[in-house]
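**Q** Quick one: sequence plus predicted model below, questions after.
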Amino acid sequence: MAERIAVLKEFGSPFEGEQYEVDLTRQFGGYERGDLICSVCPFGATYLPLELEIAIRKDGSLIFRAWNFVKNMNNYLHTREISMKENDKVKEERPHIIPFVPTIEQIDTVNGLFSGRIKFEGLKIAVGGTVQDICPIDVIREEMLTGKKIYLA
């Protein structure tokens, strides 16, 4: 099996330059208590079933966790963590689940990923609803920080 994959640029690619190199042997960046663990298939538009797993640390830094080949691709960054809002819906069914409470730095990082102000090692990542439920997006602040209008669907 190949150790590296070169993803070539095409319309809608989430990176700049002519190609993006994926190191399939890259080492896990570790776990710290309070990590918001998320995953996304950043190359979904190219039909490459490769999922990137990252963690957003309490200090807002982004840590690599893994590259995985998957059957079900999702082009949006999601988490399995439960938000306070989701906890209110399921707490009777699953009382042992503790909702994730983000730090201000984690919220800022998610906002930066949403607006494109922050990228993970050159990859622009689209932020999905499960992550937004935990780390709400402040569109007006991101527009001020990026100097660009953000259009919502």
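**A** All right, it came through fine. Numbers count the residues shown, from 1 in each chain.
**Q** going on from the helix or strand of the chain at the bottom of the mean pLDDT ranking, what's the next piece of helix or strand?
**A** Lowest mean confidence among the helices and strands of the chain (mean pLDDT, DSSP states H and E): helix 84-90, at a mean of 70. Sequence-wise, the next helix or strand downstream of helix 84-90 (DSSP states H and E) is helix 104-115.
**Q** which secondary structure elements does that next one contact?
**A** Judged by 3 or more Cβ pairs under 8 Å, 6 or more residues apart in numbering; DSSP states H and E, the packing partners of helix 104-115 are strand 50-56, strand 126-127, helix 129-134, helix 139-146. (C-beta placed from N, C-alpha, C; glycine too.)
**Q** Who are the packing partners of the shortest one?
**A** The criterion is 3+ Cβ pairs under 8 Å, 6+ apart, and the helices and strands that strand 126-127 contacts are strand 76-79, helix 104-115.
**Q** Switch those over to a markdown table; also include mean neighbour count and mean pLDDT.
**A** A markdown table is the format used below for those (neighbours: other Cβ atoms under 10 Å; pLDDT from 0 to 100):
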| stretch | mean neighbour count | mean pLDDT |
| --- | --- | --- |
| strand 76-79 | 20 | 96 |
| helix 104-115 | 20 | 98 |
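**Q** now those as CSV including distance to Ala66?
**A** Shown next, in CSV, are the helices and strands packed on strand 126-127 (distance: least, Cβ to Cβ, whole Å):
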stretch, distance to Ala66
strand 76-79, 14
helix 104-115, 18
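**Q** sec struct for Ile63, please.
**A** Recorded secondary structure, Ile63: strand (DSSP: H, G, I helix; E, B strand; the rest coil).
**Q** Verify the contact between it and Asp35 for me.
**A** Yes. Shown here, Ile63 and Asp35 form a contact pair, counting by Cβ atoms under 8 Å, at 7.2 Å.
**Q** Could you pull out the residues contacting both of these two?
**A** Counting by Cβ atoms under 8 Å, 6 or more residues apart in numbering, the shared contacts of Ile63 and Asp35 are Ala55, Ile56, Arg57.
**Q** pLDDT weak spots in the protein?
**A** Residue ranges of the chain with pLDDT under 70: 1, 45-46, 87-95.
**Q** same thing but at 80, please
**A** 1-2, 11-12, 44-47, 84-97, 153 (pLDDT under 80).
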